[in-house]
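Asker: Generate coordinates for the sequence data below:
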Amino acid sequence: MTRVVGTNARRADGDDKVRGTAVYGMDHGETGTLQAKLLRSPVPAGRIRRLATERAAGLPGVRAIITAADVPDTTSGWILKDQPMFAREEIRYIGEPIAAVAADTLEQAEAAVAAIELEIDPLEAMTDMDAALAEGARLIHPAWESYPMLAPGPRSGNVAWESTLDRGDVDAAFAAAHLVVEDEFTTQRQHQSPIEPHAAVGRFEGGRYVVHSPAQFPFLVRDRLAEWLGVPASKVRVVVTTIGGGFGGKIDAMLEPFVCVLARKTGRAVRLVNTRAEELQTAGPRENARIRIRTAVSADGEILGQEADTLADNGAYSGEIVACAAVPGLVFGGTYRVPVARYRTQVVYTNTAPTAAFRGVNGPYAMFALEQHLDHIAAKLGMDRRELRLRNVVKAGEAIANGQVLDDAVFEEGFARVEEIAPWAGLAQPPAGPPTRLRGKGIGAVTWLTNPGPGGATVKINEDGTAGVICAGAEIGTGAVAVGLRQIVAEELGLTPDDVIILAADTDAGTYDGGAQGSRTLFSLGNAAVQASAKVREQLLEVAANLLEASVADLELADGHVQVIGSPGAKVALAAVAQTALYTAGPISATGRHITPPVQFDSGCLAGALFTGFATPTYHVHSAEVEVCPDTGKVTILRYVVAQDVGRAINPQQVEGQIHGGVLQGVGYALYEDLRVVDGVTVDHSLENYRLPTVFEAPPIDIALLDNPWPDGPYGAKGAAEPSLIPVAAVIASAVSDAIGKPIRNLPITPFDVLAALREESESPAKGTTR
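Answerer: Numbers count the residues shown, from 1 in each chain. Prediction:
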């Protein structure tokens with residue numbers, strides 16, 4: 001039994017956020033701070049013929065202007081280091097930074113940007129993947145072979161990265177199949193659209209760059225800055241402010257290098273904040289993709305083999321999409337048994353804004369394609385869609401396409417829990433007579449991972465008996481740090497969560513941390529904190545044993561005291577123990593660390609894969625019931641059900657909140673959001689025309705948390721925040737397709753698309769061949 005873990009403890013940051021007193025990155029200010037603005041490229045591809053800043057530099061209030069001439073001639077990146085800080089000679093996307101201005105006021109900075117003289121010779125723009133991959137296409141990065149890489153990977157010309165999974169005799173499986181089904185799907189860009197845009201405040205002091213930023217991965221930001229600025233990483237400090245949302249979009253560096261260089265040049269702090277238009281046009285959305293998938297099945301619906309090709313739009317420079325290029329193949333072959341498989345993902349350079357991580361990187365569109373494809377197979381076989389999935393879903397102890405064995409798979413329980421809540425056969429039918437509404441149902445399942453990045457935490461006992469935790473884990477809003485980590489330390493040390501104080505993330509103070517991404521924060525830091533707390537407990541008991549004249553083995557921590565087991569009256573407060581320790585054993589503190597062991601898989605079947613399997617896998621089953629108006633094409637979600645494996649919920653309320661948020665983001669991806677890029681121009685420039693779902697589009701959501709403790713997780717916990725988004729578009733599309741009797745092969749599913757599908761006389765060109 002646990003006292004604190006598993007309860008709905010309150011967040012430490014809740015009051016400040018509700019009252020509006022939290023200081024976000026865009027709110028951070030320092031005395032004498034200058035305001036900055038970027039000159040961005042107006043064209044998608046070109047060469048800079050002339051760049052003159054003299055007239056702009058003479059305007060009132062202007063303190064500094066910097067260009068590529070003021071920074072080292074180097075490129076940076078996480079995996080593939082292909083991105084310059086400024087466009088130096090060649091421009092590769094609309095919005096690429098060309099110059100930066102610091103002035104006394106924002107209006108003065110904007111006026112100076114407008115006064116910079118810029119002449120560009122246009123180049124042929126490769127603004128979509130087909131153009132970039134066409135034979136003889138202009139290379140977006142002519143020097144692509146010279147770029148440094150963190151890890152080697154297959155690359156060629158406008159293909160920034162390629163990942164493959166090839167296992168078994170796929171051709172033989174297709175030759176022997178009763179049925180071969182083939183489909184093609186396309187998906188759109190989706191923007192993270194946090195309420196707080198990117199922001200940074202930088203200063204230069206003591207020969208070091210200090211940046212305050214709402215960064216999800218402060219150590220990555222630190223290292224990127226060091227690369228661009230040409231200094232050791234120890235010369236850069238990143239302090240994480242309160243984060244106003246990120247969803248993957250604030251993992252990497254963006255505005256931070258500009259404020260650093262301007263701060264050094266002016267000797268003053270410099271602040272730079274994106275406008276909403278800049279955010280939508282330049283701040284790394286989810287990539288658009290095209291998927292071709294083909295499956296061989298037996299007469300009774302058993303999957304015999306599968307192959308798929310995925311094209312993912314990298315934009316002009318490389319971020320997390322390269323790192324996650326293997327994920328589509330893992331999704332295709334990681335939930336349903338696929339004995340032989342051939343998967344390829346190509347990440348393609350285009351002259352568009354770089355794409356980046358968004359909750360469930362590469363996963364939502366892969367699952368969308370797979371689940372619609374399974375529906376097509378079921379239709380060709382005349383089989384119930386749910387039955388087809390149950391017949392093929394992976395069971396505990398079975399291997400997936402990469403050879404990894406999923407020892408703790410709980411899909412059967414997940415399907416059963418969803419069935420209890422919303423029976424598959426229980427779809428409500430519209431009244432008799434002419435149909436005024438069409439109804440349909442969808443269901444799907446997916447395996448996901450807990451990001452395995454490293455982490456560490458230091459736990460100390462303060463002299464008043466409270467505990468302090470020092471780490472570099474960013475609290476992105478999930479509650480992982482603001483409440484979950486506090487609950488774990490409180491459980492270990494016999495305290496309440498209110499007695500545990502977490503220091504704000506700071507690369508100077510905390511040990512290296514892999515960032516708030518991929519649901520890893522509480523899993524990694526929780527494990528490190530358990531380890532550190534165990535060492536702290538030993539120190540407390542040793543000091544208290546002398547005070548109580550008892551054996552260490554007879555002592556326990558409870559309610560802020562060390563007490564003799566079975567004798568509650570024989571106790572001493574932690575404050576007294578901590579104060580005594582100062583002059584006997586020394587201050588009480590300890591550090592823990594964590595890294596997830598490597599996944600065991602068939603290494604011979606993968607190439608170009610940085611994610612080789614599902615670390616600390618989680619299992620998810622979702623279903624949706626929708627209503628479609630045949631006159632307007634409007635889709636209404638009547639009910640949504642989630643069965644989610646979280647290992648063990650440290651704070652069930654926080655987990656359910658994350659599920660609600662993820663489902664709503666998935667609804668946006670399925671039905672509304674489409675960051676439109678036409679000839680390299682981002683059409684959407686505000687939240688008026690970039691359509692986000694609101695509370696009015698939020699469906700009723702039923703949640704079943706699957707208790708499936710992970711032996712190496714803190715108190716059995718696994719990652720929980722990210723996965724709830726991934727299945728949503730897939731199951732909503734299945735439900736809409738069921739309602740209208742036509743396939744869905746593109747996202748988002750707009751009313752216009754629904755009406756067009758309803759008016760089609762024949763099935764679209766997907767192919768199914770029976771042998």
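Asker: May I ask you to name the longest helix in the protein?
Answerer: The helix that spans the most residues within the chain, counting by DSSP state H, is helix 521-548.
Asker: what is the rounded mean pLDDT of that one?
Answerer: Mean pLDDT, helix 521-548: 98.
Asker: What of stretch 313-327?
Answerer: Mean predicted confidence for stretch 313-327 is 97.
Asker: same thing with stretch 349-369?
Answerer: Mean per-residue pLDDT for stretch 349-369: 98.
Asker: What residues sit buried inside it?
Answerer: By 16 or more other Cβ atoms under 10 Å, the buried positions in stretch 349-369 come out as 349-369. Heads up, the C-betas are built off the backbone N, CA and C, glycines and all.
Asker: now do stretch 382-396
Answerer: By neighbour count with 16+ other Cβ under 10 Å, stretch 382-396 contains the buried residues Arg385, Arg386, Leu388, Arg389, Leu390, Asn392, Val393, Val394.
Asker: I figured Phe185 hits Ala730, correct?
Answerer: No - Phe185 lies out of contact with Ala730 (Cβ atoms under 8 Å); the separation is 10.5 Å.
Asker: Report the set of residues contacting both of those two.
Answerer: Phe368, Gln372 (Cβ atoms under 8 Å, 6 or more residues apart in numbering).
Asker: higher neighbour count, the two?
Answerer: Legend: neighbour count by other Cβ atoms under 10 Å for Phe185 and Ala730, higher for Ala730 (32 against 24).
Asker: Spit out the contact partners of the more buried one.
Answerer: Residues near Ala730 by Cβ under 8 Å, 6+ apart: Pro364, Met367, Phe368, Leu370, Glu371, Gln372, Gly442, Gly444, Val446, His622.
Asker: Around the fourth one, how many other residues sit close by?
Answerer: The one in question is Leu370. Neighbour count for Leu370, taken as other Cβ under 10 Å: 28.
Asker: Report whether the expected contact of it with Phe332 is present.
Answerer: Yes - with contact defined as Cβ under 8 Å, Leu370 counts as touching Phe332 (5.6 Å).
Asker: Now do the shared contacts for these two.
Answerer: Counting by Cβ under 8 Å, 6+ apart, the residues touching both Leu370 and Phe332 are Ile293.
Asker: Quick one: list the elements packing against the host helix or strand of His212.
Answerer: Using DSSP states H and E, His212 sits in strand 208-213. Strand 208-213 is packed against strand 199-205, helix 218-229, strand 236-240, helix 256-266, with contacts defined by 3 or more Cβ pairs under 8 Å, 6 or more residues apart in numbering; DSSP states H and E.
Asker: So which of these is nearest Ile377?
Answerer: For the helices and strands packed on strand 208-213, the distance to Ile377 is smallest for helix 218-229, at 40.9 Å, taking Cβ to Cβ.
Asker: The closest one packs against which elements?
Answerer: strand 75-76, strand 208-213, strand 236-240, helix 256-266.
Asker: wait, which of the ones you listed is closest to Asp15?
Answerer: Closest to Asp15 of the helices and strands packed on helix 218-229, according to Cβ to Cβ: strand 236-240, at 19.4 Å.
Asker: So what touches that closest one?
Answerer: With Cβ under 8 Å, 6+ apart as the test, strand 236-240 has contacts from 208-215, 218-219, 221-222, 225-226, 229, 256, 260, 472, 474, 504-508.
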